[in-house]
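A.B. asks: Let me see the structure of the following:
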Amino acid sequence: MEKSVSLLPFLLCLLQGVFAQDKSAREGEMENVSRDSTGAFYEQRLYRNPLEGLVRMRPAGGNNTNLIPLIQGVSVGVYRLADSLSYRPLTSQERQAYRQNYRFRPWNYLLDFRLQPEVIANFGNPTQTVQAMISLMLQSQVYLWPGMALNFGVLFPVMNNLDGRPKSIRPAPLYLNQFLALPGDHYISASAGLFRSDRYGLNVQYQHANLNARWTYGFEAGLTGFYYYPKGGIYYTNPDELLLLGNVAYRFNRFDFTTKLTAGRYLDGDWGARMDLVRQFANVEIALFAIATQNGSTLGFNFAVPIPPGKIARLGPTRLRTTEEFRWEYAYARGYGIGNRYRLGYQLDERLRQYHHSYLANQWRRLQQTD
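C.D. replies: Next up, the predicted model:
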């Protein structure tokens with residue numbers, strides 16, 4: 001099935017106006033800043049490491065100020081920087097008071113344009129050692145209400161000797177994402193639209209994550225189809241591919257080291273399990289993994305890094321920057337689809353792992369020792 005695609009809706013989105021916000025907050029690259037008796041609420045999208053935002057917000061009130069970072073306008077928890085870093089979850093009453101006292105206003109956010117590379121590569125082909133498809137995406141977000149973000153952009157192909165797809169400029173992933181933080185350390189991320197890895201459809205992730213605890217668990221469910229852009233239109237299949245995965249993880253706080261087991265139904269009806277060994281550093285995350293499914297078994301690695309320089313330019317309420325996180329994964333599968341899945345803008349457990357109390361407290365302690 002094919003139909004024509006116009007870039008006009010995407011260009012109109014890029015041209016939407018966004019109003020300026022509090023000057024002091026904008027100068028510190030913080031967004032949606034507000035204060036009440038609980039503390040200072042803010043959001044930052046420039047740095048991969050949440051501690052960067054906490055440190056930059058600290059001068060606003062000193063050691064006695066509670067700092068509450070937001071994800072898509074939704075509060076994560078209460079942090080305090082003193083001799084040590086402390087964390088506690090927000091109470092239901094505090095969340096309700098924030099919603100009642102501060103009406104959500106999308107214009108409290110910058111119109112952010114970020115440059116995101118995308119690299120898909122295969123190694124070891126006898127006739128061509130390295131096969132790769134490299135693209136550069138110019139992406140943005142518009143927040144519609146607390147937790148709800150419309151993600152859109154444009155993809156610019158750089159090279160492709162991996163497959164026969166045309167090297168034409170086309171829309172980047174276009175999808176809605178709703179982030180929820182519920183009482184009792186329950187978090188949900190629900191998405192609908194055109195995702196990365198050429199998948200479209202619905203995806204729901206749930207995670208029980210006490211950010212003071214060592215254990216976390218959750219699940220992911222998705223119903224998707226395949227799509228791509230040939231010349232002059234869009235090709236897609238029926239959304240009948242079921243993804244159904246459960247996960248459980250244990251964190252070794254002292255070493256910022258996490259073991260994670262994921263099991264269930266991957267794409268193409270491939271049942272199996274995967275074990276990840278994840279080491280977090282201040283701005284970098286590195287992981288090794290082993291996976292065994294009905295289609296075979298293999299080893300692999302992945303990493304997540306920020307892309308310098310961060311902020312490139314700022315003009316009024318708009319900002320051009322590089323992405324706060326580039327995540328890449330490789331496993332040698334010898335042409336077989338072993339544990340295939342697709343990526344969204346973020347995986348819920350990966351995002352929450354960045355806000356774990358011990359991860360931030362370990363960094364803060366080392367920072368204090370160097371002062």
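
A.B. asks: quick one: residue 94 from residue 218, how far?
C.D. replies: 24 Å (C-beta to C-beta, to the nearest Å). Where you see a C-beta, it was placed from the backbone N, CA and C, and this is true even at glycine.

A.B. asks: Look at these two and report which has more neighbours.
C.D. replies: Neighbour totals were compared for residue 94 and residue 218, and residue 218 leads with 23 against 18 (other C-beta atoms under 10 Å).

A.B. asks: Just list whatever residues bridge to the more buried one.
C.D. replies: residue 207, residue 247 (DSSP bridges).

A.B. asks: What residues does it make contact with?
C.D. replies: By C-beta atoms under 8 Å, 6 or more residues apart in numbering, residue 218 lies in contact with 205, 206, 207, 208, 209, 246, 247, 348, 349.

A.B. asks: Poorly predicted segments of the stretch 251-371 of the chain, please.
C.D. replies: 334-335, 371 (pLDDT under 70).

A.B. asks: Please check the contacts of residue 218 and keep the buried ones.
C.D. replies: The neighbour count (16 or more other C-beta atoms under 10 Å) marks 205, 206, 207, 208, 209, 247, 348, 349 as buried among these.

A.B. asks: And the second one, how far from residue 195?
C.D. replies: It stands for residue 206. Counting by C-beta to C-beta - residue 206 and residue 195 are separated by 18 Å.

A.B. asks: ditto for the fifth one
C.D. replies: Here residue 209 is placed at a distance of 23 Å from residue 195 (C-beta to C-beta).

A.B. asks: returning to what we had before: tell me the one of the contacts of residue 218 nearest residue 179?
C.D. replies: residue 348 (8.3 Å; C-beta to C-beta).

A.B. asks: isn't that closest one right next to residue 207, touching?
C.D. replies: Yes - counting by C-beta atoms under 8 Å, residue 207 is a contact partner of residue 348 at 4.9 Å.

A.B. asks: List the residues that are in contact with both of the two.
C.D. replies: In contact with both residue 348 and residue 207: 187, 188, 218, using C-beta under 8 Å, 6+ apart.

A.B. asks: any idea how far residue 240 is from residue 219?
C.D. replies: Residue 240 sits 20 Å away from residue 219, going by C-beta to C-beta.

A.B. asks: CA atoms only for stretch 302-321, dumped as CSV, please.
C.D. replies: Coordinates of the C-alpha atoms in stretch 302-321 are reproduced here as CSV (Å, rounded to 0.1, in the frame of the first residue of the first chain):
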residue,chain,number,x,y,z
ASN,A,302,25.8,-1.1,23.8
PHE,A,303,26.8,2.3,25.1
ALA,A,304,25.1,5.7,25.6
VAL,A,305,27.1,9.0,25.4
PRO,A,306,26.2,12.7,25.1
ILE,A,307,27.1,14.3,21.8
PRO,A,308,29.2,17.5,22.2
PRO,A,309,29.0,20.4,22.2
GLY,A,310,25.5,20.4,23.6
LYS,A,311,24.0,23.9,23.0
ILE,A,312,25.0,25.2,19.5
ALA,A,313,22.9,28.4,19.2
ARG,A,314,20.1,30.2,21.0
LEU,A,315,17.7,32.7,19.4
GLY,A,316,15.0,33.9,21.6
PRO,A,317,12.7,31.0,22.6
THR,A,318,14.4,28.6,20.2
ARG,A,319,17.6,26.5,20.7
LEU,A,320,19.7,24.4,18.5
ARG,A,321,21.7,21.7,20.2
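
A.B. asks: can you pull the buried residues of it?
C.D. replies: Buried residues in stretch 302-321, counted by 16+ other C-beta under 10 Å: 302, 304, 305, 306, 307, 310, 317, 319, 321.

A.B. asks: Select from the residues you listed every entry located in strands.
C.D. replies: Those of these mapping onto strands are 302, 304, 305, 319, 321, per DSSP state E.

A.B. asks: Kindly indicate which of the residues you listed lies nearest residue 137.
C.D. replies: For those, the nearest to residue 137 is residue 321 (13.0 Å; C-beta to C-beta).

A.B. asks: So residue 75 is in contact with residue 181, correct?
C.D. replies: Yes - in this structure residue 75 lies within contact range of residue 181 using C-beta under 8 Å: 6.5 Å.

A.B. asks: What mean pLDDT does the longest strand seen in the chain get?
C.D. replies: Counting by DSSP E, the longest strand found in the chain is strand 130-145. For strand 130-145, mean pLDDT rounds to 93.

A.B. asks: who touches the following helix or strand past that strand?
C.D. replies: Downstream of strand 130-145, the first helix or strand assigned by DSSP states H and E is strand 148-160. With C-beta under 8 Å, 6+ apart as the test, strand 148-160 has contacts from 7, 10, 13-14, 72, 116, 118, 132-144, 167-179, 193, 345.

A.B. asks: Neighbouring strands of the very next helix or strand once past strand 148-160 in the sheet, and parallel or not?
C.D. replies: The C-terminal neighbour of strand 148-160 among helices and strands, as given by DSSP H and E, is strand 170-171. Sheet pairing of strand 170-171 (DSSP bridges) gives strand 148-160 (antiparallel).
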